[in-house]
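*Asks:* Okay, here's the prediction I keep looking at, along with the sequence it came from:
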Amino acid sequence: MENAAISQKIDITRNSPLVQARQVCQTYDKGASGSLVVLENVDLQLYPNEIVGLLGRSGSGKSTLLRAIAGLIRPSKGDITFNGRPVVGPNSDVAVVFQSFALFPWLTVLQNVELGLEAQGVASSERRKRALAAIDLIGLDGFESAYPKELSGGMRQRVGLARALVVRPKVLLMDEPFSALDVLTAETLRTDLLDLWCEGRMPIESVLMVTHNIEEAVLMCDRILIFGSNPGRVIAEMKVDLPQPGNRLDPAFRTLVEDIYARMTVKTGAPTRDGLFPGTGIAMELPRVSTNLMSGLIETVAAEPYRGQADLPPLAAHLHLGINDLFPVAETLQLLRFADLEGGDIKLTAPGLRFSDSDVDERKKLFEQHLATYVPLAAHIRRVLDERPTHRAPARRFRDELEDYMSEDYADTTLKAVTNWARYAEYFAYDENADLFTLEDPS
């Protein structure tokens, strides 16, 4: 960060919160298969002069909570207030920066930025004056007449930021604003945004941002709410007492990152309901993690310098993976009992170490044993195939069965995951053209 004179984050005034969420729940009806709980009893307070991060994996309900605070959806239970008033419908005191830029391609930069002001009925001359000032503030002066197709991803996100700031909201909501950008562009925009915030140049009182990047949360936020999944809930709240500009090499920074990893991998009393694998039996939702990624992670952790046990933060940095990329692979290995996750570490089990030392055929045999033992859906499909004289069964039969427990999308993802794992293990085969499971490879 260029403004090295800024040594501390702005003090937080702890009077009354700008935003308060109390026992917020969000449930979606799935018809005959019951309901999907996305958020469960979430409490949140956002005070003036602070940046708060909602940190968690994809699917933990962070973006849903953000939309509820913006007034775009109404929670199923609980209440959300802004300055003590209930949030009912879109809130003009908040503005949102989205992950996907959300610009109108047929409008210029200036016209895109003016949109919010036009919706508020601001006069044309005032609208133009404020839009030009916002464009200048976020560093796009000179590009007022450009169209989105002429801009890089980082520049388009700057337009989205200017469009949010021009309406002078009290609270800025950001939904993974840097995740669609390359690493260097994201770092530049993140730094510029923090500079504007610390210098008091942004016309806002507070920022609430959704992220799945642990280091980003520590760099930018005064407080971090860590979300668990299935259903989404706050599992920890952490205060960030680090000087600005942030330094990733600072031991205190690394310690806080380590602590967050540890909290996100802590074991609970009900592991089948936590993390990435909600449900029990065949109702267990599974991610599409390739066996190549699983094998690669096992080999990496087994080799030097880790020798079977690795600290997740440096491992993620070494592999250039975020939590949305690393955690599903690591947790799938834990499900299959090839690894154990706890305290921010991944440790290979005896079968995991044996897998790393085995040849291809031995790996397939070991994987088949663990798939049959620890993934109930795989064993269920194999049992049906064994019992049928033809040793064939349509995949639709199992999709329909899964949809009794989960959404259509989750059912499809889960079945594809177990299909790929079974193919690798040669546990059963799948004919994509016929959408048919068999015990013999149709090719």
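*Replies:* Good, I have the coordinates. These numbers come from a predicted model, not from an experiment.
*Asks:* tally of neighbours for Ile346?
*Replies:* 28 (other CB atoms under 10 Å). For every residue, glycine as well, the C-beta is placed using N, CA and C.
*Asks:* That one is in what secondary structure piece?
*Replies:* Ile346 is part of strand 345-348 when elements are defined by DSSP states H and E.
*Asks:* How far does that strand sit from its chain's centre?
*Replies:* In this view, strand 345-348 has its centroid 22 Å away from the chain centroid, taken as CA atoms, centre = their mean, to the nearest Å.
*Asks:* other SSEs contacting it?
*Replies:* If you count contacts as 3 or more CB pairs under 8 Å, 6 or more residues apart in numbering; DSSP states H and E, strand 345-348 packs onto helix 291-302, strand 309-311, helix 312-319, strand 339-342.
*Asks:* quick one: average pLDDT of stretch 409-428?
*Replies:* Mean per-residue pLDDT for stretch 409-428: 92.
*Asks:* Tell me the strands beside the strand holding Ile346, with direction?
*Replies:* strand 309-311 (antiparallel), strand 339-342 (antiparallel) (DSSP bridges).
*Asks:* Would you reformat the ones you listed as TSV and include mean pLDDT and distance to Ile323?
*Replies:* Shown next, in TSV, are those (pLDDT from 0 to 100; distance: least, CB to CB, whole Å):
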stretch	mean pLDDT	distance to Ile323
strand 309-311	92	14
strand 339-342	90	12
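*Asks:* I'd like to know which of the ones you listed lies nearest to Ile135.
*Replies:* Nearest to Ile135 among the strands paired with strand 345-348 is strand 309-311; the distance by CB to CB comes to 43.6 Å.
*Asks:* Nearest residue to the middle of this protein?
*Replies:* Ser58 (3.1 Å; CA atoms, centre = their mean).
*Asks:* Could you tell me how far the residue nearest to that residue when sequence neighbours are not counted is located from Gln99?
*Replies:* Nearest residue to Ser58 in three dimensions, chain neighbours excluded: Asn324, at 5.2 Å (CB to CB, 6 or more residues apart in numbering). Distance from Asn324 to Gln99, counting by CB to CB, to the nearest Å: 12 Å.
*Asks:* re earlier: pop out the phi and psi values for the residue nearest to the centre of the chain.
*Replies:* Backbone torsions for Ser58, taken as degrees, to the nearest 10, come to phi -60, psi 140.
*Asks:* Could you count how many residues lie near Ile235?
*Replies:* Ile235: 17 neighbours (other CB under 10 Å).
*Asks:* Apart from its chain neighbours, what residue comes closest to it?
*Replies:* Using CB to CB, 6+ apart and skipping the chain neighbours, the partner closest in space to Ile235 is Gly228 (4.2 Å).
*Asks:* Identify the bridge partners of that neighbour.
*Replies:* Arg233.
*Asks:* Sketch out the low-pLDDT regions of this protein for me.
*Replies:* 1-14, 30-34, 267-280, 441-443 (pLDDT under 70).
*Asks:* Farthest from the middle of it: give me that residue.
*Replies:* Relative to the centre of the chain, and counting by CA atoms, centre = their mean, the farthest-placed residue is Pro389 at 44.9 Å.
*Asks:* you'd agree that one is in a strand?
*Replies:* No - looking at Pro389 with DSSP: H, G, I helix; E, B strand; the rest coil, it is coil, so not inside a strand.
*Asks:* Which other helices and strands does the one helix or strand Ala162 maps to contact?
*Replies:* Element membership for Ala162 (DSSP H and E) is helix 153-165. Judged by 3+ CB pairs under 8 Å, 6+ apart, helix 153-165 is in contact with strand 94-97, helix 109-119, helix 124-137, helix 183-198.
*Asks:* Can you list the buried residues in it?
*Replies:* By neighbour count with 16 or more other CB atoms under 10 Å, helix 153-165 contains the buried residues Gly154, Met155, Arg156, Gln157, Arg158, Val159, Gly160, Leu161, Ala162, Arg163, Ala164, Leu165.
*Asks:* how about JSON lines for those, with distance to Gly116 added?
*Replies:* Formatted as JSON lines, those follow (distance: CB to CB, whole Å):
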{"residue": "Gly154", "distance to Gly116": "21"}
{"residue": "Met155", "distance to Gly116": "19"}
{"residue": "Arg156", "distance to Gly116": "16"}
{"residue": "Gln157", "distance to Gly116": "16"}
{"residue": "Arg158", "distance to Gly116": "15"}
{"residue": "Val159", "distance to Gly116": "12"}
{"residue": "Gly160", "distance to Gly116": "11"}
{"residue": "Leu161", "distance to Gly116": "12"}
{"residue": "Ala162", "distance to Gly116": "10"}
{"residue": "Arg163", "distance to Gly116": "6"}
{"residue": "Ala164", "distance to Gly116": "8"}
{"residue": "Leu165", "distance to Gly116": "10"}
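*Asks:* with those residues in mind, which one is nearest to Ala21?
*Replies:* Relative to Ala21, and with distances defined as CB to CB, the nearest of the buried residues of helix 153-165 is Ala164, at 20.7 Å.
*Asks:* I'd guessed the closest one sits against Phe98; true?
*Replies:* No - counting by CB atoms under 8 Å, Phe98 is not a contact partner of Ala164; they are 9.2 Å apart.
*Asks:* what's the longest helix in this structure?
*Replies:* Secondary structure of the chain per DSSP state H: the longest helix is helix 408-425.
*Asks:* I'd like to know how far the nearest residue to Gly59 once chain neighbours are set aside sits from Phe98.
*Replies:* Nearest non-adjacent residue to Gly59, counting by CB to CB, 6+ apart: Ser229, 5.7 Å away. Applying CB to CB, the value for Ser229 to Phe98 is 22 Å.
*Asks:* Which of these two has more residues huddled nearby?
*Replies:* More crowded of Ser229 and Phe98, by other CB under 10 Å: Ser229, with 23 against 18.
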